[in-house]
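J.: Kindly return the folded structure for what I paste below:
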Amino acid sequence: MHTRHSSPGSPAPSPSGPGPRNHRRHRRRAGTLGTLLAVAALLASACTAGGSTHSGSPVAEAALAALPQSTPAALAPYYGQKLTWRDCGVPGFQCATLRAPLDYAKPEAGDTRLAVTRKKATGPGKRLGSLLVNPGGPGGAAIGYLQQYAGIGYPAEVRARYDMVAVDPRGVAGSDPVECLDGKEMDAYTQTDFTPDDGKETGELVDAYKRFAEGCGADAAGLLRHVSTAEAARDMDVLRAAVGDDKLTYVGASYGTFLGATYAGLFPDRVGRLVLDGAMDPSLPARRMNLDQTAGFETAFQAFAKDCVRQRDCPLGTKASEVGGNLKAFFEKLDAKPVPTGDADGRELGESLATTGVIAAMYDEGAWAQLRDGLSSAMRENDGAGLLVLSDSYYERDADGRYTNLMFANAAVNCVDLPAAFSTPDEVRRSLPAFEKASPVFGEGLAWATLNCAYWPVAATGEPRRIEAKGAAPIVVVGTTRDPATPYRWAQALSRQLTSSRLLTYDGDGHTAYGRGSTCIDATINAYLVRGTPPTRDKRCA
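T.: Numbers count the residues shown, from 1 in each chain. Here you go, the predicted model:
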């Protein structure tokens with residue numbers, strides 16, 4: 001995702017740009033690399049690269065306003081609905097469908113239907129209510145995350161006391177999913193050259209962005225106007241009422257922190273225990289967000305470089321200072337001549353897929369060995385299969401050539417949440433020096449990746465805003481010092497904005513902190529969720 005915005009961006013390959021991606025640490029535990037969300041699309045901004053953190057407009061300086069505490073009469077049927085739980089084929093889990101207005105300003109205009117799942121509290125101990133979880137994205141399938149990881153992998157003391165609940169946000173996975181391209185079209189899109197060398201290649205990239213946007217618009221033009229984070233946060237409040245909770249208890253990772261913070265800003269009086277892990281800064285315009293994220297990937301890459309040269313199998317040199325230049329040179333070779341992968345669909349490893357594969361591994365230091373293997377095979381044996389596997393994990397492409405709707409929803413949310421970072425290729429070119437300064441290896445591709453929202457079929461409805469959530473109960477904001485997708489400064493910024501925040505810092509690598517092996521982090525969050533004891537301000541863990 002990037003993690004959120006507009007483009008918050010995702011690595012160059014993402015439809016919306018790099019950005020915070022989903023929280024996939026559960027796959028790490030399973031021994032495979034997690035799927036990563038693009039931040040670029042998520043984190044869009046509209047300020048001058050390297051300039052102010054705000055766009056300069058009065059709106060960007062304003063704080064998100066809370067909604068009235070009373071429920072409008074037109075929304076009463078939604079808040080009063082009872083969920084019908086049914087077996088959904090996954091042992092221990094039940095499923096239901098939640099109705100929400102497509103347009104909260106015009107509830108009479110029709111509904112959208114949202115997929116919900118839960119696993120009831122296992123005991124012992126008194127049930128504390130429901131714990132809603134979101135893995136990030138935007139575009140991450142929350143139901144899949146709950147059923148495959150959180151509902152069975154969260155600490156036993158948490159699962160004992162809470163019904164574990166997830167809802168796929170509007171436009172995502174089981175909730176009226178946005179669809180844009182079929183598998184073959186998506187294969188072509190992901191192989192587009194994201195570092196154009198001339199006018200012809202620039203035109204091809206622009207055409208690819210236009211085809212992507214047109215595909216999304218043709219599928220769900222009406223829905224695209226109503227997939228914003230603010231609307232998804234309002235859906236969460238309808239779900240809170242439907243499961244019978246007076247307050248929302250929530251753990252959101254990556255983009256999920258923006259979703260959770262937005263909820264707190266809209267409904268501060270209904271905040272229960274909120275954990276925002278891998279936090280985003282909602283006050284940033286898309287361009288600044290993407291630039292920050294580019295620097296975040298560079299920070300993570302430098303950590304990888306130092307680790308790589310300590311290993312016998314590092315294919316990128318023996319000095320950390322050489323690693324970036326050697327990788328850049330390898331990307332340039334692939335740009336001129338892709339290498340075979342043995343892929344059944346004939347895909348070769350070019351610069352774009354290789355860059356995506358490397359960026360994917362930056363989300364989790366547990367994937368660094370896999371990245372070294374993939375680079376060694378591609379650079380020394382002319383075999384790109386390993387890097388292609390990493391790239392496919394990022395895009396959520398399966399062996400049969402099918403993609404989830406992750407990237408489609410990612411772009412849809414990012415492009416409606418914030419005005420586009422760039423409007424024209426010329427604007428991108430003028431910003432290249434700033435992006436390449438932020439990351440000599442990834443900067444060029446990540447800058448071009450933020451152009452996608454310029455061609456989106458519907459206008460952005462959101463703006464950068466501070467979120468204060470005055471009157472909310474204590475909220476725990478978690479930041480990792482070398483997080484590639486959600487730079488630590490974002491956690492610091494969100495913590496300063498939220499009036500009741502407690503900043504919990506993980507001094508480490510990778511994206512997000514809860515469940516990554518830090519006993520200090522896990523014990524602190526568990527105590528907050530189970531006993532309601534927030535950490536002391538500015539607590540730091542290793």
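
J.: CA atoms for contacts and neighbours, from now on please.
T.: Noted.

J.: so is residue 173 in a helix, a strand, or just coil?
T.: Here residue 173 is recorded as coil under DSSP: H, G, I helix; E, B strand; the rest coil.

J.: Distance of it relative to residue 251?
T.: For residue 173, the distance to residue 251 equals 19 Å [Cα to Cα, to the nearest Å].

J.: do the same with residue 105
T.: Residue 105 is 28 Å from residue 251, by Cα to Cα.

J.: Between those two, point out the one with more neighbours.
T.: Ranked by neighbour count (other Cα atoms under 10 Å), residue 105 and residue 251 place residue 251 first, with 22 against 10.

J.: Wait, a strand at that one?
T.: Yes: counting by three-state DSSP, residue 251 is part of a strand.

J.: What residues does residue 534 make contact with?
T.: If a contact means Cα atoms under 8 Å, 6 or more residues apart in numbering, then residue 534 has 474-476, 502, 524-525, 527-528 as its contacts.

J.: Find me the pLDDT at it, would you?
T.: Per-residue pLDDT puts residue 534 at 96.

J.: Am I right that it sits in a strand?
T.: No: counting by three-state DSSP, residue 534 is not part of a strand but coil.

J.: Backbone dihedrals for it, both of them.
T.: Per-residue torsions, residue 534: phi -70, psi 160 (degrees, to the nearest 10).

J.: how long is stretch 155-164 from one end to the other?
T.: Rule used - Cα to Cα; the end-to-end distance of stretch 155-164 is 12 Å.

J.: hey, where'd the strands end up in this structure?
T.: For the chain, strands defined by DSSP state E occupy the ranges 7-9, 18-19, 39-42, 86-87, 94-101, 111-119, 129-134, 162-167, 248-253, 271-277, 475-482, 501-509, 539-541.

J.: still on that earlier bit, please produce TSV containing the contacts of residue 534, extended by distance to residue 275 and neighbour count.
T.: Compiled in TSV, the contacts of residue 534 are given as follows (distance: Cα to Cα, whole Å; neighbours: other Cα atoms under 10 Å):
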residue	distance to residue 275	neighbour count
474	10	21
475	6	27
476	5	26
502	10	22
524	11	19
525	8	24
527	12	15
528	9	19
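
J.: Output the residues you listed in TSV, with distance to residue 419 appended to each entry.
T.: Formatted as TSV, these follow (distance: Cα to Cα, whole Å):
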residue	distance to residue 419
474	31
475	28
476	29
502	30
524	37
525	35
527	39
528	36
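
J.: so which of those residues comes closest to residue 64?
T.: residue 475 (16.4 Å; Cα to Cα).

J.: in the sheet, who's paired with the closest one?
T.: Under DSSP bridges, the beta-bridge partners of residue 475 are residue 274, residue 501.

J.: Determine the number of other residues adjacent to residue 86.
T.: 12.

J.: List the contacts of it.
T.: Counted by Cα under 8 Å, 6+ apart, residue 86 has contacts 94-96.

J.: which among those gets closest to residue 140?
T.: Of all the contacts of residue 86, residue 140 sits closest to residue 95, with 17.8 Å by Cα to Cα.

J.: Could you list the low-pLDDT ranges of the stretch 51-200 of the chain?
T.: Flagging of the stretch 51-200 of the chain using pLDDT under 70 yields the residue ranges 51-61.

J.: Where do the helices of it begin and end?
T.: Assigned by DSSP state H, counting those that start in this stretch, the stretch 51-200 of the chain shows helices spanning 58-61, 76-79, 142-145, 151-153, 156-161, 183-190, 199-224.

J.: The stretch 351-500 of the chain too?
T.: Listed in chain order, the helices of the stretch 351-500 of the chain (DSSP H, counting those that start in this stretch) span 351-362, 368-381, 385-395, 406-417, 425-438, 443-449, 488-497.

J.: helices and strands around the shortest one, which ones?
T.: Contact partners of helix 443-449 among helices and strands, from 3 or more Cα pairs under 8 Å, 6 or more residues apart in numbering; DSSP states H and E: helix 286-308, helix 425-438.
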